[in-house]
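Peer 1: this one's sequence-less:
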Ligand SMILES: Cc1ncc(COP(=O)(O)O)c(C=O)c1O
C-alpha cells in the first residue's frame, strides 16, 4: 500500500469523523464508555494513566546514521566544494526524488532557504510579501533579511493556517509574493492561496519547514508554489541539528537559488549576484542521508497514529483537532495540534488543564506565546532608514494599523500542542494512553474545580 493510498482514505475518515464534525457541531456528543474512565485525577493523588514512560528518542538516531557520519568524518571531505564530496549533492538528489521535485538546493537552515528564495526572486526593499503571524520567526526573517516588508494576514482559527480572504484583502501594488506556511506540518488552504496568487500575478514561496512529505491532492508540499522550503532543525521529522532545503521545478530559478546561497557565485564559477554563504556541510548531509532509509515508514506511522488520536477526540469536546482542508492527502505530523475549548471543561483555564494532563503523563503546550504581529521587530523596522526611505510614510503608518490579527491572538490562547516528531512514532498503546489521559481529565473535570 502506498502512503498516498493510505492517506487518502485515512485522512477523509479522520477529518470528517473527528476534526471537522467536532469543530462545526459545537455540541457535546453522547459518550459511549467514557464513564468507565472515572477515577481520581493524578494531579490530586490518583494513579497516572502513563506513569514515567519515555517517548521514542528524538532526534532519531540509529546505526545507519552513525555509520554515515563516521564515513564522512573519515573521508576528510567535509565541505560540498571539495573534490571528493558527494553527501550534499546526493542528499539534494534524494530529497528531490522523495518530494517529486525536479531540483533541490540544500542549505544550512530553513531560514536560510527562505531568504535565498526571496533574494532569488528579486524581492527586496520596496516590495511586500504576505505571510502568517503564527509561525517561527524564521519565516519573516527571510523577508526582513532582504529588507522587504512582511505583511501579516490573519488566520483561519480552526486550521491555524492563513485565511485566504485576509491574504487577498492585504494585497496592494507593492505585493510581490505570498509565503504560505504549512503550519504543524499540514497543508494550508492551497487551492485558494494558489488561485489568489494566479489572479494577482504573485510568486509563491511555500514555507514547508514543518511539512516534510505532507501532500495536497497527492502532490508533496513544496512542489506546488514556485519554490518550497524545508527545515532540518533538530526537532523536525527529518533532522540534522540545523539544515534546510529548497525544492522547485523552474530550472532558471533554482539555478539562481544555488548562486544566491553560494555567496553569489554560480555553478559556472562566476560571482554573479549578491548572496550570503548558506551552503549545507557534508556532516549535515550525512546525518540526513543516514535516516532516509526508514523515513517513509516513520511518516506512515505518524499518519496512522494521528488518525487514531483524531478518531478518539470525537468523544472529547474540550480538544478539537486542527481542521484539515479538503485535498489534504497526507500530513507530516511534526506537531499534533488542537484547540482547547474550556467551555467544555467547566471554564477551567488552559494552564490547569495542561497541569492535570502532565500529571497523567502527557505533555501539551502552547506553540508560540504570541503572534509575530505582537513582537518588537515592527518598531525596529519602522525606525530603520532603509524602510523609511523605501516605503511611503503613509504605507508605514497603515502597516502598523494592519498588523492586527485577532484570530491569531485567539489561536495563541487556545492552542493545545503535542510535539509529535518523537511521540507520534510511539506504539498503538502509547496512543491509547495519550487519548485515555485526555479522556480521563475530561470525564473527571469536576475534580479540577478544587485543584
Ligand atoms: C514554519 C517554519 N518556518 C521557518 C522555520 C525556520 O527554520 P530553521 O529553524 O531551520 O531556520 C521554522 C523552524 O522551526 C518553521 O517552523
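Peer 2: The structure has been received and is ready for your questions. The shown structure was predicted, so the numbers you read here are calculated from the model rather than taken from an experiment.

Peer 1: give the buried residues for the helix or strand in which residue 353 is found.
Peer 2: In this assignment (DSSP states H and E), residue 353 forms part of helix 350-360. For helix 350-360, burial by neighbour count (16 or more other C-beta atoms under 10 Å) applies to 350, 352, 353, 354, 356, 357, 358, 359, 360. (C-beta placed from N, C-alpha, C; glycine too.)

Peer 1: from the ligand, how far out is the residue lying closest to residue 124 once chain neighbours are set aside?
Peer 2: Leaving aside its chain neighbours, residue 124 sits nearest to residue 146 (5.2 Å; criterion: C-beta to C-beta, 6 or more residues apart in numbering). According to C-beta to the nearest ligand atom, to the nearest Å, residue 146 and the ligand sit 15 Å apart.

Peer 1: residue 146: neighbour count?
Peer 2: Applying other C-beta atoms under 10 Å, we find 22 residues neighbouring residue 146.

Peer 1: i'd like the first residue to be 756 from this point on
Peer 2: Sure, I'll start counting at 756 from here, so that last one is residue 901.

Peer 1: retrieve the pLDDT associated with residue 1158.
Peer 2: Turning to residue 1158, the model gives it a pLDDT of 86.

Peer 1: show the contacting residues for it.
Peer 2: Residues in contact with residue 1158 (C-beta atoms under 8 Å, 6 or more residues apart in numbering) are 888, 907, 1128, 1133.

Peer 1: is it true that residue 1191 touches residue 804?
Peer 2: Yes - contact criterion C-beta atoms under 8 Å: residue 1191 and residue 804 qualify, at 5.0 Å.

Peer 1: more crowded one of those two?
Peer 2: Counted by other C-beta under 10 Å, residue 1191 and residue 804 do not tie: residue 804 has more neighbours, with 25 against 17.

Peer 1: wait, is that one part of a strand?
Peer 2: No - if the criterion is DSSP: H, G, I helix; E, B strand; the rest coil, then residue 804 is coil and not within a strand.

Peer 1: looking at it now. What's its pLDDT?
Peer 2: Residue 804 is given a pLDDT of 95.

Peer 1: quick one: contacts for it?
Peer 2: 797, 1115, 1116, 1117, 1188, 1191, 1192, 1195.

Peer 1: wait, isn't the first one in contact with residue 1112?
Peer 2: No - checked against C-beta under 8 Å, the pair residue 797 and residue 1112 is beyond contact range at 9.2 Å.

Peer 1: returning to what we had before: possible to save the buried residues of helix 1105-1115 as CSV with pLDDT and distance to the ligand?
Peer 2: Conversion of the buried residues of helix 1105-1115 to CSV gives the following (pLDDT from 0 to 100; distance: C-beta to the nearest ligand atom, whole Å):
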residue, pLDDT, distance to the ligand
1105, 97, 22
1107, 97, 28
1108, 97, 25
1109, 98, 21
1111, 97, 28
1112, 97, 24
1113, 97, 23
1114, 97, 29
1115, 96, 28
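
Peer 1: next, the contact list for residue 1116, please.
Peer 2: Counting by C-beta under 8 Å, 6+ apart, residue 1116 makes contact with 797, 803, 804, 805, 806, 807, 808, 1188, 1192.

Peer 1: buried subset of those?
Peer 2: For the contacts of residue 1116, a burial check counting by 16+ other C-beta under 10 Å picks out 797, 803, 804, 805, 1188, 1192.

Peer 1: without its sequence neighbours, what residue ends up closest to the closest residue to the ligand within the stretch 1056-1205 of the chain?
Peer 2: Of all residues in the stretch 1056-1205 of the chain, residue 1089 sits closest to the ligand, at 7.8 Å by C-beta to the nearest ligand atom. Nearest residue to residue 1089, sequence neighbours excluded (C-beta to C-beta, 6+ apart): residue 940, at 3.8 Å.

Peer 1: how much space between that neighbour and the ligand?
Peer 2: In terms of C-beta to the nearest ligand atom, residue 940 sits 9 Å off from the ligand.

Peer 1: count the residues that sit near that residue.
Peer 2: As a burial measure, residue 940 scores 28 neighbours (other C-beta under 10 Å).

Peer 1: any idea how far it is from residue 1186?
Peer 2: 17 Å (C-beta to C-beta, to the nearest Å).

Peer 1: so how far is stretch 1121-1141 from its chain's centroid?
Peer 2: Offset of stretch 1121-1141 from its chain centre (C-alpha atoms, centre = their mean, to the nearest Å): 20 Å.

Peer 1: just the endpoints, please. Distance across that stretch?
Peer 2: By C-alpha to C-alpha, to the nearest Å, the extent of stretch 1121-1141 from end to end equals 35 Å.

Peer 1: can it be said to contact the ligand?
Peer 2: No - judged by C-beta under 6 Å from any ligand atom, stretch 1121-1141 and the ligand are separated, with a smallest distance of 9.4 Å.

Peer 1: and that stretch, what's buried?
Peer 2: By neighbour count on 16+ other C-beta under 10 Å, the buried set for stretch 1121-1141 is 1121, 1122, 1123, 1126, 1127, 1128, 1129, 1133, 1136.

Peer 1: which of those sits closest to residue 1079?
Peer 2: Lowest distance from residue 1079 to the buried residues of stretch 1121-1141 (C-beta to C-beta) belongs to residue 1122, with 17.0 Å.

Peer 1: pLDDT value on that closest one, please?
Peer 2: Among the per-residue scores, residue 1122 holds a pLDDT of 96.

Peer 1: same deal with residue 1155?
Peer 2: For residue 1155, the pLDDT comes out at 86.

Peer 1: from the contact counts, what lies against the helix or strand hosting it?
Peer 2: Per DSSP H and E, residue 1155 falls inside helix 1148-1157. With contacts taken as 3 or more C-beta pairs under 8 Å, 6 or more residues apart in numbering; DSSP states H and E, helix 1148-1157 sits against strand 904-907, helix 1132-1137.

Peer 1: and the helices in the stretch 806-955 of the chain, which stretches?
Peer 2: Assigned by DSSP state H, counting those that start in this stretch, the stretch 806-955 of the chain shows helices spanning 818-830, 842-854, 865-875, 892-899, 919-924, 945-954.

Peer 1: out of the ones you listed, nearest to residue 1181?
Peer 2: Closest of the helices of the stretch 806-955 of the chain to residue 1181 is helix 818-830, at 20.0 Å (criterion: C-beta to C-beta).

Peer 1: and that closest one, what's buried?
Peer 2: 820, 823, 824, 827.

Peer 1: make a markdown table from these and add distance to residue 874 to it.
Peer 2: Converted to a markdown table, those look like this (distance: C-beta to C-beta, whole Å):
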| residue | distance to residue 874 |
| --- | --- |
| 820 | 32 |
| 823 | 31 |
| 824 | 31 |
| 827 | 29 |
